[in-house]
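Visitor: The sequence and its predicted three-dimensional model are supplied below.
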Amino acid sequence: MINLIIKRTLPLALASYLMSLPTYAQTNNVKENATAAFETLKSTVKEAVTTLKEVVSNEEVPKKGLPVNITEETFSCIRDMTPVRHFYVDNVLGDIKATLTAANNPEGAIYPAGSVVQLVPTEVMVKREAGTSPATGDWEFFELQVDETGSTIAKRGFVDVNNRFDGNCFACHAPAREPWDFICESDHGCDPIPIDHKMTGALQRSDPRCGDAVPESGDWMALFKLKTMVSIGLTKKWFEETF
Ligand code: HEC
């Protein structure tokens, strides 16, 4: 009897087991396929995002406006520029009117591309074409060496140019970003520089690139004070670097 049962049911059981296999396999296959498809989708999306990120970070910020080509020939006698209050402006693209409009706006304004701003003969800010350097508002900073024969560019750049006292141009001018477009003047929030307008005036009147100096009374004393300060500053730096 038992034999009979085994004989009859075993094949049945086996048959139904075998019949169920394809369904099982199918279900599993679908699952596997779905998982695989999902994994592929995930990695495709990941790849796409990575590629997109790379594209975005490699993409050059589009520059707008005329190229502002700056060489040391660009800079000459500071007094040939246009005076505004106690500093001088110019525009290498010829739009001095737009530069003056920005400089004279009592509410502050964005200077137009090509603007050149100088307070002393050796430090210059030049407004480059839009998109050149978003961090610095497209200002390029220059530290010049000047003598009777003209200007030499000692340093130029955007966020990483330091003046001869090791002060970073951009960092110090940054508080004046809004609404003064990084122009410090006397009261736009920048850390003060130890040089007053008597001294900056004396430096402007004795710019060696202009030929003969046109001194006013007190200039000699102002320049003497300044030279002493500079040499103390530089000596201090030398001490700090040496010891
Ligand atoms: C310690 C802060 C400080 C550093 C560093 C500094 N500046 Fe200035 N700068 C000032 C201040 C403050 C004024 C305004 C002075 C005034 O008119 O009384 C000024 C004025 C100027 C001006 C005239 C327009 C304006 O903003 O008023 C130019 C151009 C300029 N700096 C360029 C530079 C350049 C280029 C460098 C670097 C090589 C530099 N500065 C580094 C604080 C700084």
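Guide: Yep, it's here.
Visitor: Not counting its neighbours along the chain, what's nearest the spatially most central residue of the chain?
Guide: Nearest to the geometric centre of the chain sits A135, at 3.4 Å (CA atoms, centre = their mean). Computed as CB to CB, 6 or more residues apart in numbering, the closest residue to A135 that is not its neighbour in sequence is V159, at 5.5 Å. Every C-beta, even on glycine, is put in place using the N, C-alpha and C of the backbone.
Visitor: mind checking how far G201 is from F170?
Guide: 25 Å (CB to CB, to the nearest Å).
Visitor: neighbour count winner among the two?
Guide: F170 (21 against 18; other CB atoms under 10 Å).
Visitor: quick one, strands of the chain?
Guide: Counting by DSSP state E, the segments of the chain that form strands are 82-84, 87-91, 115-118, 123-127, 139-147, 150-157.
Visitor: What residues does the spatially closest residue to L226 that is not a sequence neighbour make contact with?
Guide: Of all residues not flanking L226 in the chain, M199 sits nearest, at 4.9 Å (CB to CB, 6+ apart). For M199, the contact set (CB atoms under 8 Å, 6 or more residues apart in numbering) comprises 222-223, 225-226.
Visitor: and what of F75?
Guide: Under the criterion of CB under 8 Å, 6+ apart, the neighbours of F75 are 116, 124, 142, 144, 146, 150-151, 209.
Visitor: Could you restrict those residues to the ones contacting the ligand?
Guide: Subset of the contacts of F75 in contact with the ligand: 124, 142, counting by CB under 6 Å from any ligand atom.
Visitor: A202: neighbouring residues, count only.
Guide: Residues lying near A202 (other CB under 10 Å) number 24.
Visitor: what do you get for I232?
Guide: Using other CB under 10 Å, I232 has 10 neighbouring residues.
Visitor: do you know how far it is from D191?
Guide: 18 Å.
Visitor: Then V84?
Guide: Distance from V84 to D191, by CB to CB: 22 Å.
Visitor: quick one: contacts of stretch 164-174?
Guide: Counting by CB under 8 Å, 6+ apart, 122-123, 125, 135-136, 139, 141, 143, 158-163, 182-184, 190-191, 193, 230, 233-234, 237 sit against stretch 164-174.
Visitor: Next step: the residues you listed restricted to helices.
Guide: 230, 233-234, 237 (DSSP state H).
Visitor: Need the max-distance pair from the residues you listed.
Guide: V230 and K237 (10.5 Å; CB to CB).
Visitor: who's in contact with stretch 111-119?
Guide: 65-66, 68, 74-75, 78, 81, 86-95, 98-99, 102-103, 124-130, 138, 181, 183, 200.
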